[in-house]
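1. Requesting a structural model of the entry that follows:
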Amino acid sequence: MTRRHAEQTRYINLISGETILAEQQTFNPLTANRLTRTMSSNLTASNLFNLSGKIAVVTGGATGLGLMMSEAFAANGATVYILGRRLEALQKTADVHSPSLESRGGKLIPLQCDVTSKDSLKEATKKIEEQSGKVNILVVNSGVPGPRSTSNLKDPSNAQEVYECLFNDEVEEWDQVLRTNVAGAYFTTVAFIPLLAKGNGAGGYDSQVITIASIGGLSKQIASGFSYSASKAAAVHLGRNFSNFLIPLKIRSNIICPGLFPSEMTTPSSGDNNKSSGSDLPKERVATIPVGRAGTEEDMAQTALFLACCGFTNGSIVTVDGGSLSNKPSAF
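-> Numbering: from 1, shown residues only. Here you go, the predicted structure:
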């Protein structure tokens, strides 16, 4: 090192009193400029959220939150398998949205799959392995709302009315909700473990599971119905269980708890592009959200991309709800 770029500086070790000679770098504008340019390029959004070459799987990916996340991944370069029971809806989503996404390096691939069937999950993972060989991001999103008995309750202080409303639920309805939202989430995660392990790079922890729960699983207030709220609380805990259990395989697990977003679960239907309109959401529900509006596809895309690209998160619960949970008594 030349004298121009370094000089010796005397330091005193405060413990031993020993005098130490050390070389101290002096400012080099050429080196500093190159370093600044490198650091700046690493911190651009196009680099931080680049999913080129990544393989993602989104269950319930044809509509609603699943479609929002699928588009976000594909728009940033990922190949995304969208899974669901309705093949027609899956194919329609791929046909409508793929052309604009392919220009950005992404792709939507429809694949019929019932998350409550182990045979169907095995068939789906087999096809994905044959075509892509690995999975980097698994979004466990499929879900059903279940009975909304409390919506018919007029007087919550009337014991007989409360009984009649709640006892009107059928055991079979609870079975369906827990089968899809909890058992389906469990078996979906387990089915993809081998492909997620293959998705890890040399350093590991490149792959993760993102479980879509709900703020209804974090609040003492009932969201949609008792069975739905209970199932989403279970989904939250399931995701956190996996964040610990999958450590030896270097697979991460995180949870998103959305608030009110337009979807087939919260609005009457989807449009020709399989997207639901925020204008169809119940105005009385939107009015309770502190930020004054419901969630948008941009909100969900930003949240999903953060988790998909940040390798330093595991076991996190990310709420994206416009502050709604702040107005509700927490369940924990």
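2. which residues in the stretch 201-332 of the chain form helices?
-> Under the criterion DSSP state H, counting those that start in this stretch, the stretch 201-332 of the chain contains helices at 226-245, 283-286, 297-309.
3. Quick check: mean pLDDT of the first one?
-> Looking back up the chat, that one is helix 226-245. For helix 226-245, mean pLDDT is 97.
4. Which elements pack onto it?
-> If contacts are counted by 3 or more CB pairs under 8 Å, 6 or more residues apart in numbering; DSSP states H and E, helix 226-245 sits against helix 171-178, helix 184-191, strand 207-212, strand 251-258, strand 317-320. Quick note: C-beta positions are derived from backbone N, CA and C, even for glycine.
5. got the contact list for the third one?
-> Read that as strand 207-212. Taking contacts as CB atoms under 8 Å, 6 or more residues apart in numbering, the residues outside strand 207-212 that touch it are 65-66, 135-141, 143, 185, 189, 192, 196-197, 199-200, 235-236, 238-239, 242, 246, 250-256, 258, 304, 307-308, 314.
6. list the buried ones in it?
-> By 16 or more other CB atoms under 10 Å, the buried positions in strand 207-212 come out as Ser207, Gln208, Val209, Ile210, Thr211, Ile212.
7. so what strands line up beside that strand?
-> Strand 207-212 has the following strand partners under DSSP bridges: strand 137-140 (parallel), strand 251-258 (parallel).
8. Turn those into JSON lines, columns for mean pLDDT, mean neighbour count and distance to Ser330.
-> Converted to JSON lines, these look like this (pLDDT from 0 to 100; neighbours: other CB atoms under 10 Å; distance: least, CB to CB, whole Å):
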{"stretch": "strand 137-140", "mean pLDDT": "98", "mean neighbour count": "28", "distance to Ser330": "23"}
{"stretch": "strand 251-258", "mean pLDDT": "97", "mean neighbour count": "25", "distance to Ser330": "12"}
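9. nearest to Ser151, of these?
-> The closest of those to Ser151 is strand 251-258. By CB to CB, the value is 19.8 Å.
10. Quick check: which ranges of the chain have low pLDDT?
-> Within the chain, the segments meeting pLDDT under 70 span 1-40, 331-332.
11. what about the closest residue to Lys127 other than its chain neighbours, is that helix, strand or coil?
-> Sequence neighbours aside, Leu111 is the residue nearest to Lys127 in space, at 6.4 Å (criterion: CB to CB, 6 or more residues apart in numbering). Classification of Leu111 using DSSP: H, G, I helix; E, B strand; the rest coil returns strand.
12. doesn't Tyr81 make contact with Leu111?
-> Yes. Judged on CB atoms under 8 Å, Leu111 makes contact with Tyr81 at a distance of 5.2 Å.
13. Find residues that contact each of those two.
-> Shared contacts of Leu111 and Tyr81 (CB under 8 Å, 6+ apart): Ala124, Ile128.
14. How many neighbouring residues does the residue lying closest to Ala294 once chain neighbours are set aside have?
-> In space, Ala294 comes closest to Leu260 once its chain neighbours are excluded; the distance is 4.7 Å by CB to CB, 6+ apart. For Leu260, the count of nearby residues is 22 (other CB atoms under 10 Å).
15. same thing with Ile193?
-> Other residues lying near Ile193 total 18 when counted by other CB under 10 Å.
16. close enough to count as contact, it and Ile251?
-> Yes. Using CB under 8 Å, Ile193 is in contact with Ile251, at 6.9 Å.
17. before we move on, the earlier item: in JSON lines: the helices of the stretch 201-332 of the chain, plus mean neighbour count and distance to Ser149.
-> Below are these laid out as JSON lines (neighbours: other CB atoms under 10 Å; distance: least, CB to CB, whole Å):
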{"stretch": "helix 226-245", "mean neighbour count": "21", "distance to Ser149": "7"}
{"stretch": "helix 283-286", "mean neighbour count": "11", "distance to Ser149": "18"}
{"stretch": "helix 297-309", "mean neighbour count": "19", "distance to Ser149": "28"}
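18. Which one, of those, ends up nearest to Ser324?
-> Shortest distance between Ser324 and the helices of the stretch 201-332 of the chain, using CB to CB, is found for helix 283-286: 9.3 Å.
19. Identify the residues contacting that closest one?
-> Against helix 283-286 from outside (CB under 8 Å, 6+ apart): Leu260, Gly292, Arg293, Ala294.
20. what about it, distance to the chain center?
-> From the chain centre to the centre of helix 283-286 is a distance of 25 Å (CA atoms, centre = their mean, to the nearest Å).
21. Next up, phi/psi of Val58, please.
-> Dihedral pair for Val58: phi -130, psi 110, per degrees, to the nearest 10.
22. Can you give me the neighbour number for it?
-> Neighbour count of Val58, defined by other CB under 10 Å: 31.
23. Test my guess that it contacts Tyr81.
-> Yes. Contact status for Val58 versus Tyr81: in contact at 7.3 Å, counting by CB under 8 Å.
24. contacting residues for the nearest residue to Gly84 once chain neighbours are set aside?
-> In this structure, Gly84 finds its nearest non-sequential neighbour in Ala62, 4.9 Å apart by CB to CB, 6+ apart. The neighbourhood of Ala62, defined by CB under 8 Å, 6+ apart, consists of Ile82, Gly84, Arg86, Ala89, Leu90, Lys92, Thr93, Pro110, Asn274.
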